[in-house]
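Colleague: I would like to see how this sequence folds:
(4 chains)
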4 protein chains.
Amino acid sequence: MSRKIVLVDPLPRTLDLIMTPEVRARLEALGEIVISEDRPMPDDQVDALLPDTILIFGQTAMPRERLDRAPNLKAIVNVESNFLPNIDYQAAQDRGIWVITPASAFAAPVAEAAVGMAIDLARGITEADRAFRAGTEDYGLAGNAATFRFAGAPVGIVGFGDLGRQFRELIRPFKNEVRVFDPWLPAEILERADCRPATLDEVFQESRVVVVFASVTSENEGFIGAREFSLMQPGSAFLLMSRAAVVNFPEMLEAVRSGHIRAATDVFPDEPVAADDPVRQVPGLLLSAHRTGGTLDAFHAIGAMAVADAELILRGLPPQLCRRADPATAARLRSKPVSVS
Amino acid sequence: MSRKIVLVDPLPRTLDLIMTPEVRARLEALGEIVISEDRPMPDDQVDALLPDTILIFGQTAMPRERLDRAPNLKAIVNVESNFLPNIDYQAAQDRGIWVITPASAFAAPVAEAAVGMAIDLARGITEADRAFRAGTEDYGLAGNAATFRFAGAPVGIVGFGDLGRQFRELIRPFKNEVRVFDPWLPAEILERADCRPATLDEVFQESRVVVVFASVTSENEGFIGAREFSLMQPGSAFLLMSRAAVVNFPEMLEAVRSGHIRAATDVFPDEPVAADDPVRQVPGLLLSAHRTGGTLDAFHAIGAMAVADAELILRGLPPQLCRRADPATAARLRSKPVSVS
Amino acid sequence: MSRKIVLVDPLPRTLDLIMTPEVRARLEALGEIVISEDRPMPDDQVDALLPDTILIFGQTAMPRERLDRAPNLKAIVNVESNFLPNIDYQAAQDRGIWVITPASAFAAPVAEAAVGMAIDLARGITEADRAFRAGTEDYGLAGNAATFRFAGAPVGIVGFGDLGRQFRELIRPFKNEVRVFDPWLPAEILERADCRPATLDEVFQESRVVVVFASVTSENEGFIGAREFSLMQPGSAFLLMSRAAVVNFPEMLEAVRSGHIRAATDVFPDEPVAADDPVRQVPGLLLSAHRTGGTLDAFHAIGAMAVADAELILRGLPPQLCRRADPATAARLRSKPVSVS
Amino acid sequence: MSRKIVLVDPLPRTLDLIMTPEVRARLEALGEIVISEDRPMPDDQVDALLPDTILIFGQTAMPRERLDRAPNLKAIVNVESNFLPNIDYQAAQDRGIWVITPASAFAAPVAEAAVGMAIDLARGITEADRAFRAGTEDYGLAGNAATFRFAGAPVGIVGFGDLGRQFRELIRPFKNEVRVFDPWLPAEILERADCRPATLDEVFQESRVVVVFASVTSENEGFIGAREFSLMQPGSAFLLMSRAAVVNFPEMLEAVRSGHIRAATDVFPDEPVAADDPVRQVPGLLLSAHRTGGTLDAFHAIGAMAVADAELILRGLPPQLCRRADPATAARLRSKPVSVS
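Modeller: Reported below is the predicted structural model:
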């Protein structure tokens, strides 16, 4: 092999977004960099480069026939963070090509925001600010009529991946009893994190704060709806931090509007939300425009994780920071590609 | 002594506010309870009871001449939580009478709210909700233009009593570097809590989040003003959680209005705030109507701590939960009595 | 007052033992230092110095008549760490003279050693080393026949002062259920440290590891004996880390000799232990020659805490690191003075 | 497929050793169990069962030709905990057959024992017991001449897999600065655990306590020897917790004999150690007969983890508790099979 090409096809990301100069320099040390940032790399360019390509950073389509023409390829690093159906995952695994993504880069900022929002709903922080601006504030005990202490309140987590685990670690000093519903995990994983395995119903019935971090799969769309909200104790808090499709969104709004629960949501069925969408005026709802994960440090972490794992792979070692595409579970995940960063 | 009177004079608190039935029952086991809840106990009633009084729960005036007439008195438990100048503290100490207050009962809810507000300012949670309701929200990275991650951000604490210490413990998982300014404490106390002793200027210069928990004394009124705010890095966050008088309030508002910093305040120079006070419309300011401490559980903790320590004192043991009035420092503290709970 | 004398009378300590050069320099900045290190300061010298003395570091006798002649005295700092009956504590308190001691300096090294010894007894570390040297070692599972995991084992603590609290913090990662017996403390103190208040019997019945940190008082000499050891589950571990007099020592040895429990002790009824004392050969007993507290860093901490608090007191502030002598409880404590360091 | 066979070939383990009755019942619910416990399952029996086998628990040889005859096989669960060269790992991966082992079951007891031994070496616990039994004990400060506080001492870890990570978590309350050498991992992994990435030399030069958890590979046999020990500060502590072959054992003993360092070892080049091996009498050496991992709870954890992951795999989900055999790295690992449990 005369050349060692690192194919960079990062849209909708750009290299400047995901790499600091220091990380960019490490990227450039990996091989000969070929970049297409203003448009997806054209098919003929990809095809011409594949025989000498050792690494792909991006979401380039890699069906079996392309994998066949890339005998030196060691890894495909998805930098958008959702696995797409444009790769033959099984064929890649058979050839010993790592297909990985630094998806957990977004976990830290989302988990942090979830802590802030959970305390906000419990203690009424944003609502109290709004009341103060409207001249209807209550002082002292009177201002706490509808609040509860987050510390010690039973917490329920739906989905215990990177997000759920980081959230759980962040709330440790608050000494909550934490129940987790995650049908993909054995009880041991939850218990090691000092959580109680629970059914979905138990999570909704027993928790004062329920936080949803679950991914959407072909099996769980809309699995949280009116029935689940009705199980919650009045005045409890519900946070939707992952994907709008896991809840029945109108039923969630109805549970909030009725005053039964308070809620926070970072995601919406259609984004951007229409200017006249009544969701904008629901009292008891904390609104966040899909912005808890997309912090600059998270985008930089994507690049840093991608490059660090590529370095390991070129040394013949397994990646340590990115998540591997598992052919079986990749097929179940149903995420829309991101259209805006 | 034929009677063992427990004199209860709790205004502005009431027993129902500060004691659950279980704690109330423990109170009643301490002696013969005499209560004045609808008005401060009249002087003649106090004077008549003093010879047989073993405990006072409340803010009854106890000058030296009254202490002289209370030979069986073991403790005065202030249940309002601020020591007033109506007790001869030195004379009480000379007679071995404990003068104590469960002031730290409010520390836990205030510290928790401060965590929520600190994350709120760092991540722009309330502002983003307001923008969403106004139809001006930004999604993803664009929505994070003026934000920073709370995790890892340098934090500065002014005043490291119960409040500051509890706040510090609550933010441990966020791994902030924490600087503390507290001229009343030796460096060892701060270092044991993994904080760096710092000057006031260092706290303001180096921290992205500054939280003020300091009490007001005769020496520190308005000690945080325009000079200190100008030391802060642009876009940093300032939280005022204790007493309005420790800051120059107009200069704080000016620093926020100018866009130099964001701030949250739970206290105001005059409460309730006037309906037309322009503070209500300051952007970049998170408003809280002196409500972070006054949660129902905090009031209940006052009673529980007061009774638990009284039980110890009657057994000849030192109190463990309340703070003792130190004659020297009590004279320096300058708090207004609370007029509403 | 023409002079500000700091009277240093530290025997059985010496300044070199308890102060690093840096701390010594801070001491010398407090006033005019007058030291007696080779013998206790003679009475006539003490009497001559008292009118100008502002601080005493040491165990100088201070009856009421001496206090009367020391109008400028602000504090007496016991640097041996046990309050002696040679001070009129009530009179000192009446005059606003702080009587304090940095006793907690020894807590950190004792707590650390207790963790090591607790794991040692649970896992049989020292016994396995002895067996290996004797050629009777067992490998793998066979070598663990009589052991148990410290992690997760129920732990009981008797006495929850500085020692017990530091021990409790050190074992947090092992996730033990911790019961505490301490009749001087309210349940709240234990619960805040995530411990369960328990009776002495519950501690012995339910714990696999019982650690005694209790001080000796006039009321609790020998309060742990055959009856308590018989409550323990077979093969459990008992650690005596504070004072030999709180247990019935022969009954403790009998419980170990019989094979019912294993034990570790850092203290003995008579120290040094006689050369032919059969305690030296008891199997199942981990022997420590009153050495877990007396580390060089602990002696240095004594000096650092003493000087730091003296600095605060001269500024009119309350001490923060040393323990105050409480006239009532000081009378109950019954410690032999230390004869060797 | 008419049958769903679960082939159990666990030697040198037995099912009773690794499964509690509750876990055994879950195993039996997975399919039709066929067990060979008194001898390895004979080849002809294996061959006859393979077409209907869905799971293998054990160390059965599985070359490519056998994999070809097991079309329904979903997973091979090694219950001995070391991957052997008797499986075609690449071929298994190509067929989507999980090859996993619950090796981390031993991490918890080893890490716990390492904490005990590290404190033991720092504070001289076992040596002091030996001195006491010999009548040569020293009391108090004199008994601490050659000791140091574990708390705050710089710690170095060589190998940051399950063992190193669990050890690191257990020592958090001791607030050590922790350096880690692990050439298989990116810096991010170490930094997330609040460790400093370091070279091997830095670990040995800067740490008062060095703990080796590294596996043996074809590249690192004997990589720690006289040179590394000479870098250590006098009186420092060295713990060998993983495999004897990673150190030059005679050079380690020489460094201890010379008094330069103290050490603890759980492993030996030849086990069992010969009766007359002089290692048995080395002062300054804490001896442990390969017993820190082999606790009953660890063996039970092997079975529990194996069954829990098999349950997931049969549901089409990825395993969560066991480690996967990576074809590339499995080839580098060079462990002797265990001959005794």
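Colleague: and the nearest residue to residue A:13 once chain neighbours are set aside, what element?
Modeller: Spatially, and ignoring its direct neighbours in sequence, residue A:13 is nearest to residue A:79 (5.2 Å; C-beta to C-beta, 6 or more residues apart in numbering or on different chains). Glycine gets a C-beta too; all of them are placed from N, C-alpha and C. For residue A:79, there is no enclosing helix or strand under DSSP states H and E.
Colleague: Any figure for the gap between residue A:79 and chain C?
Modeller: 36 Å (C-beta to the nearest C-beta, to the nearest Å).
Colleague: My understanding was that that residue contacts residue A:102; is that so?
Modeller: Yes - here residue A:79 lies in contact with residue A:102, judged by C-beta atoms under 8 Å, at a distance of 7.1 Å.
Colleague: intersection of neighbour lists for those two?
Modeller: Residues touching both residue A:79 and residue A:102 (C-beta atoms under 8 Å, 6 or more residues apart in numbering or on different chains): A:302, A:306.
Colleague: The residue of the stretch 151-300 of chain A found nearest chain D and residue D:308, how far apart?
Modeller: Nearest to chain D, among the residues of the stretch 151-300 of chain A, is residue A:186, at 4.0 Å (C-beta to the nearest C-beta). Plainly put, residue A:186 is 4 Å away from residue D:308 if you go by C-beta to C-beta, to the nearest Å.
Colleague: just residue A:281 next, same as before
Modeller: Between residue A:281 and residue D:308 the distance is 48 Å, computed by C-beta to C-beta.
Colleague: Which one's more surrounded, the two?
Modeller: Comparing residue A:281 with residue D:308 by other C-beta atoms under 10 Å in any protein chain shown, the one with more neighbours is residue D:308, at 22 against 11.
Colleague: What helices and strands are in contact with the helix or strand hosting that one?
Modeller: Residue D:308 belongs to helix D:296-314 when assigned by DSSP H and E. Applying 3 or more C-beta pairs under 8 Å, 6 or more residues apart in numbering or on different chains; DSSP states H and E, we find helix D:296-314 packed against helix A:187-192, helix D:15-18, helix D:21-28, strand D:53-58, strand D:75-77, strand D:98-101, helix D:107-123.
Colleague: So for residue B:204, which of those sits nearest?
Modeller: helix D:107-123 (40.7 Å; C-beta to C-beta).
Colleague: Quick one: list the elements packing against that closest one.
Modeller: Using 3+ C-beta pairs under 8 Å, 6+ apart, helix D:107-123 sits against helix C:107-123, helix C:125-133, helix D:162-170, strand D:209-212, strand D:236-240, strand D:261-265, strand D:285-287, helix D:296-314.
Colleague: Using CSV, write out the CA atom coordinates for that helix.
Modeller: Provided in CSV are the C-alpha atoms of helix D:107-123 (Å, rounded to 0.1, in the frame of the first residue of the first chain):
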residue,chain,number,x,y,z
ALA,D,107,-11.9,-8.1,40.6
ALA,D,108,-13.9,-7.1,43.6
PRO,D,109,-12.2,-9.4,46.1
VAL,D,110,-8.8,-8.7,44.8
ALA,D,111,-9.3,-5.0,44.8
GLU,D,112,-10.5,-5.1,48.4
ALA,D,113,-7.6,-7.2,49.5
ALA,D,114,-5.2,-4.8,47.8
VAL,D,115,-6.6,-2.0,49.8
GLY,D,116,-6.1,-3.9,53.0
MET,D,117,-2.5,-4.9,52.0
ALA,D,118,-1.7,-1.3,50.8
ILE,D,119,-2.7,0.1,54.2
ASP,D,120,-0.9,-2.9,55.8
LEU,D,121,2.4,-2.0,54.1
ALA,D,122,2.1,1.7,54.7
ARG,D,123,1.2,1.4,58.4
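Colleague: How about the stretch 201-341 of chain A: which residue is closest to chain C?
Modeller: For the stretch 201-341 of chain A and chain C, the shortest gap (C-beta to the nearest C-beta) falls at residue A:208, measuring 20.1 Å.
Colleague: Now that residue. Nearest residue, chain neighbours left out?
Modeller: Once flanking residues are discounted, residue A:208 sits nearest to residue A:153: 4.1 Å by C-beta to C-beta, 6+ apart.
Colleague: Report how many residues lie close to the spatially closest residue to residue A:26 that is not a sequence neighbour.
Modeller: Nearest non-adjacent residue to residue A:26, counting by C-beta to C-beta, 6+ apart: residue A:307, 5.0 Å away. The number of residues packed near residue A:307 is 26, by other C-beta under 10 Å.
Colleague: need the contact list for residue A:307.
Modeller: Residue A:307 neighbours (C-beta under 8 Å, 6+ apart): A:19, A:23, A:26, A:27, A:30.
Colleague: got the contact list for the first one?
Modeller: Contacts were defined as C-beta under 8 Å, 6+ apart; by that measure residue A:19 touches A:27, A:300, A:303, A:304, A:307.
Colleague: again, but for the third one
Modeller: Contacts for residue A:26 were tallied using C-beta under 8 Å, 6+ apart; they are A:307, A:308, A:311.
Colleague: List, one by one, the residues from chain A near chain D.
Modeller: Residues of chain A lying close to chain D (C-beta under 8 Å from any C-beta of the partner chain) are A:90, A:93-94, A:96, A:184-189, A:304-305, A:308-309, A:311-312, A:316-318, A:320-321, A:326-329.
Colleague: same thing but at 10 Å, please
Modeller: Counting by C-beta under 10 Å from any C-beta of the partner chain, chain A comes close to chain D at A:90, A:93-96, A:108, A:183-189, A:192, A:301, A:304-305, A:307-309, A:311-313, A:315-321, A:324, A:326-329, A:331-332.
Colleague: Settle this for me: the residue of the stretch 151-300 of chain A closest to chain D is touching residue D:320, isn't it.
Modeller: Yes - Residue A:186 lies in contact with residue D:320 (C-beta atoms under 10 Å); the separation is 5.6 Å.
Colleague: joint contacts of the two?
Modeller: Each of D:305, D:308, D:309, D:312 lies in contact with both residue A:186 and residue D:320 under the rule C-beta atoms under 10 Å, 6 or more residues apart in numbering or on different chains.
Colleague: can I assume the last one is in contact with residue D:319?
Modeller: It refers to residue D:312. Yes - using C-beta under 10 Å, residue D:312 is in contact with residue D:319, at 5.6 Å.
Colleague: overlap in contacts of those two?
Modeller: Residues touching both residue D:312 and residue D:319 (C-beta under 10 Å, 6+ apart): A:186, D:75, D:98.
Colleague: Who's the closest spatial neighbour of the closest residue to chain D within the stretch 201-341 of chain A, skipping the chain neighbours?
Modeller: At 4.0 Å from chain D, residue A:308 is the closest residue in the stretch 201-341 of chain A, using C-beta to the nearest C-beta. Of all residues not flanking residue A:308 in the chain, residue D:186 sits nearest, at 4.0 Å (C-beta to C-beta, 6+ apart).
Colleague: Quick one: residues contacting that neighbour.
Modeller: Residue D:186 makes contacts with A:304, A:305, A:307, A:308, A:309, A:311, A:312, A:317, A:319, A:320, A:321, D:197, as judged by C-beta under 10 Å, 6+ apart.
Colleague: Show the buried residues in the residues you listed.
Modeller: For the contacts of residue D:186, a burial check counting by 16 or more other C-beta atoms under 10 Å in any protein chain shown picks out A:304, A:305, A:307, A:308, A:309, A:311, A:312, A:317, A:319, A:321, D:197.
Colleague: With distance to residue C:133 and pLDDT added, can I get those in JSON lines?
Modeller: Below are those laid out as JSON lines (distance: C-beta to C-beta, whole Å; pLDDT from 0 to 100):
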{"residue": "A:304", "distance to residue C:133": "51", "pLDDT": "98"}
{"residue": "A:305", "distance to residue C:133": "50", "pLDDT": "98"}
{"residue": "A:307", "distance to residue C:133": "52", "pLDDT": "98"}
{"residue": "A:308", "distance to residue C:133": "47", "pLDDT": "98"}
{"residue": "A:309", "distance to residue C:133": "48", "pLDDT": "98"}
{"residue": "A:311", "distance to residue C:133": "47", "pLDDT": "98"}
{"residue": "A:312", "distance to residue C:133": "44", "pLDDT": "97"}
{"residue": "A:317", "distance to residue C:133": "41", "pLDDT": "93"}
{"residue": "A:319", "distance to residue C:133": "46", "pLDDT": "96"}
{"residue": "A:321", "distance to residue C:133": "46", "pLDDT": "97"}
{"residue": "D:197", "distance to residue C:133": "38", "pLDDT": "98"}
